[in-house]
Structure formats: structure tokens, C-alpha cells
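*Asks:* Need the 3D shape of this:
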Amino acid sequence: MRLSQTQRAVVGAVAPSGGFGRLMRRLNVDGPLLGGLLLISVFGLFVLYSAVGENLRLWVNQLLRFGVAVAAMLIVAQLSPDFMRRWTPLAYAGGLVLLLLVLVTGDVSQGARRWLDLGVRFQPSEIMKLAVPMMAAWYLHDRQIPPRISSLLVITLVIAVPTFMIARQPDLGTSLLIAASGLIVVVLAGLSIRLILGLAVLSVPGAMILWTFMQDYQRQRVLTLLNPDSDPLGAGYNIIQSKIAIGSGGLFGKGWTNGSQAQLEFLPERDTDFIFAVMAEELGLLGVLALIGLYMFVIGRGLFIAIQAGDTFSRLLAGTVSLTFFIYVFVNTAMVTGLVPVVGIPLPLVSFGGTSMVTLMAGFGILMSIHSHRKLLPH
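*Replies:* Here you go, the predicted model:
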């Protein structure tokens, strides 16, 4: 395909130059996106070092897992969007099989059956974070946009089956995030205002039905959100300590490794779900704004890649990966500040964790593949 002089100039302006630039292009790596992800991850390792205290083994494990996650991102980036689209139904079906195995033979930990050990211990629900939006985008690729009611019914089934299976583990937080990722695909495909209002009305009885299926501890989390002081030493303890940590950080923070709530172990789950509170206490508002700024840059870059995508599947998938990443950030920060119930969602690329980090970086590998395989229109 021949490019116009203007197009060649634009490509040359945004692409890295020199041997490093050629290597980046050969690996299908988007420089700005990679830079943002590396900065967030380094920031996360910096905060996690303080959060784990003397347990440096966790910090070393996180560093190794980050290396695996980057490798997964680079591998996925080499797969073309057409290849991913062809194999999406198989990936989705394989994910459902793994979820079924979890319900039957999965490892039980802290009262939940979420893990599967097939030589490597992992959570199959993490796979569905990518498989569900990919399947929804695959289904809409060759169909009318905005989608018809018949298409919406099929996508609803695609989303509902894994969501229900994951909720049965039980893992309400992950199930809601997966449902949200599928819903984002539908919204990006285009919905009329009337249909959106109709879905909003249906969400009310839907929430009532969800309440009946929730476990007792999950209901207690919702009630605690409304009044955490009702049980300050029980269900409300986590939120109260988190708010104390965030508020005591002030503008500049107490200094790295000097946070009293974290270092004296008042703050629970400080290396996973509540690591944002550790950062706010030790680095203050300026540290919080710096991290949020990096998150917004990555999300903005992802949406830019979605706009440039050359087909419906790539556009819907890139937009969904970017906006789902935003939901992860929003839910965790809102959770530790007491705006939403505690649902066990880690702070992306900052909280300690392996499977979730690999899944996130694989998602960004999809974005890089979409960007490197975008189709420029000929002059």
C-alpha cells in the first residue's frame, strides 16, 4: 500500500527513531504505552517495597511476576488482530471449561473455590476478563452496528454464563468486572438513548435479584459502606483504618516507609487491596496525583489506539480494554476511600499479585498489536 507524503511524515513523527525504534516496531511495541506501563509498574514496586515491610520475598516475587507479565505482553503483541479474532470462540469456550473445572475440583482458599492447579496454580476467572469482551467484539464484528435486539440477547448470554459461574465461586467483585467489560463492548457498539434508559430501569430489579444471591459477608460489606462506624472493630475496620491512613498523609506524606498505619500493621491487606492507602499516607496527595496522572495517560493512549483501529473487532476490543482498565483503577481507589463496598479488586500494576498482572499486560499486548496492525488509508 502506498502512503501519501503527509502520512509518511506523520508515521515518522510518532515512531521512535534509530536502532531502538526499529526494534520497537519489529516487536510491535507502542513506545508511549510501554513507557506509561513501565512507570506505573516501577511506581508500584517502589510502594510495594514499603508495604511488605521485612517480607522482601513478596517483593522479589512481584518483580519476577512483572517480568513474566511483560513477556506475556510481548508475545500477545506479535499476534495479529485477525488471528486473535479467529481464535476467540475457542479461547472463550476453553475459559468456560476451566471455570467448570474450578467449580468441580478447584482449590478452596479462605472459603472460596477460585483456583485451579494444572501444574501451575492460577485463577481461570482472570482469563475471562479478556475472553468475554473478545467474544462480544467477535460476535458484533460482522453484524449491524448499533446492534439489534437479537444481537443484544446473544451477547447477554455470552456475558451472563461466565459471570454466573464466577459469582458461584464466590467472587462477586471479579464477576461484576467481567460483566462490566462485556457491557462496555455493547455501549461502544452504540445504543439508543431509549434502550439505555430501559436498561437503567431494569437494573433496579436486577440489583434486588443480585442481593438475594449475595453471601452474608457480601451483604455486610454493602451495609458497612453506609455506616462503617456501626462495627468499627469488625466489618468496618478496614475502611476506617484506610481513611485514617489516607487522611494522615496530607499533601506531601509522611515519607517512604514511614507510614504509621502500614508499618505498625493497623492497615489490613496493605500489600494487595489497600496498597493505595499505604501510598497516600507515605507519599501524600502529590504521590496520589502522580499515579493517577500515569493511569490517565495509559487510558488515554489506549483510547487513541482504539480510534485508529482498522475494523470493528479491533476498535471495540481496544476501547473495552482501555475502559476496563479505568474501571479497575476507579473501583479500587473508590473502595479504599469508602465510596463503594470492599470487593477485593487490586490496584492495577501496583498491588501484589501474579495472575491479574499477567492478564492486564496481555490486554495491553492486544492494544499494541491493534496499533501496529492498524490500516492506514491510501492517499
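*Asks:* show me the contacts for residue 280.
*Replies:* 245, 246, 249, 253, 287, 288 (C-beta atoms under 8 Å, 6 or more residues apart in numbering). C-betas here are computed from N, CA, C, even on glycine.
*Asks:* Make sure the last one is indeed in a strand.
*Replies:* What it means is residue 288. No. Looking at residue 288 with DSSP: H, G, I helix; E, B strand; the rest coil, it is helix, so not inside a strand.
*Asks:* Distance check, it against residue 356.
*Replies:* 21 Å (C-beta to C-beta, to the nearest Å).
*Asks:* if you count what's nearby, which of these two comes out ahead?
*Replies:* Using other C-beta atoms under 10 Å, the more surrounded residue of residue 288 and residue 356 is residue 356, with 23 against 17.
*Asks:* if I've got this straight, the more buried one is in a strand?
*Replies:* No. With three-state DSSP as the criterion, residue 356 is helix rather than part of a strand.
*Asks:* shift numbering so it begins at 42
*Replies:* Sounds good: first residue 42 from here, last item residue 397.
*Asks:* Assess the claim that it and residue 386 are in contact.
*Replies:* No. Using C-beta atoms under 8 Å, residue 397 is not in contact with residue 386, being 9.1 Å away.
*Asks:* Helices along the stretch 92-241 of the chain, start to end?
*Replies:* 97-118, 122-146, 165-181, 190-208, 213-230, 234-254 (DSSP state H, counting those that start in this stretch).
*Asks:* What are the structural domain limits within the protein?
*Replies:* 84-91+98-119+269-415, 120-255 (automatic domain parsing).
*Asks:* Go through those and pick out the most buried.
*Replies:* domain 84-91+98-119+269-415 (a mean of 20; mean count of other C-beta atoms under 10 Å).
*Asks:* residue contacts, residue 93?
*Replies:* Residue 93 touches 99, 100, 312, 393, counting by C-beta under 8 Å, 6+ apart.
*Asks:* before we move on, the earlier item: columns distance to residue 63 on top of the helices of the stretch 92-241 of the chain, output as TSV?
*Replies:* Below are the helices of the stretch 92-241 of the chain laid out as TSV (distance: least, C-beta to C-beta, whole Å):
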stretch	distance to residue 63
helix 97-118	16
helix 122-146	22
helix 165-181	29
helix 190-208	40
helix 213-230	34
helix 234-254	46
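*Asks:* what's the closest of these to residue 401?
*Replies:* For the helices of the stretch 92-241 of the chain, proximity to residue 401 was assessed by C-beta to C-beta; helix 97-118 is nearest, at 7.2 Å.
*Asks:* which residues touch that closest one?
*Replies:* With C-beta under 8 Å, 6+ apart, helix 97-118 has contacts from 68-70, 78, 82, 86, 89-90, 93, 312, 393-395, 398-399, 401-403, 405-407, 409-410, 413.
*Asks:* Find the residue at the geometric middle of the chain.
*Replies:* residue 366 (4.1 Å; C-alpha atoms, centre = their mean).
*Asks:* unless I'm mixing things up, that residue is touching residue 341, no?
*Replies:* No. Using C-beta under 8 Å, residue 366 makes no contact with residue 341, being 11.0 Å away.
*Asks:* Next, give me the two most distant ones among the contacts of residue 321.
*Replies:* Every pair in these was compared (C-beta to C-beta); the two farthest apart turn out to be 286 and 328, at 12.7 Å.
*Asks:* which sections of the stretch 292-420 of the chain are below the confidence cut-off?
*Replies:* Of all residues in the stretch 292-420 of the chain, those with pLDDT under 70 make up the ranges 416-420.
*Asks:* one more time with 50, if that's ok
*Replies:* 417-420 (pLDDT under 50).
*Asks:* quick one, helices of it?
*Replies:* Counting by DSSP H, counting those that start in this stretch, the segments of the stretch 292-420 of the chain that form helices are 301-304, 316-349, 353-377, 396-413.
*Asks:* returning to what we had before: the contacts of residue 93 into a markdown table, with extra columns for distance to residue 199?
*Replies:* Formatted as a markdown table, the contacts of residue 93 follow (distance: C-beta to C-beta, whole Å):
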| residue | distance to residue 199 |
| --- | --- |
| 99 | 37 |
| 100 | 39 |
| 312 | 35 |
| 393 | 32 |
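*Asks:* out of those, who's nearest residue 350?
*Replies:* residue 393 (33.1 Å).
*Asks:* For the closest one, which non-adjacent residue is closest in space?
*Replies:* residue 312 (4.5 Å; C-beta to C-beta, 6 or more residues apart in numbering).
*Asks:* Wait, that neighbour touches residue 92, no?
*Replies:* Yes. At 4.4 Å, residue 312 and residue 92 qualify as touching, with contact defined as C-beta under 8 Å.
*Asks:* what do the two both touch?
*Replies:* residue 393.
*Asks:* who's in contact with residue 370?
*Replies:* With C-beta under 8 Å, 6+ apart, residue 370 has these contacts: 333, 336, 340, 388, 389.
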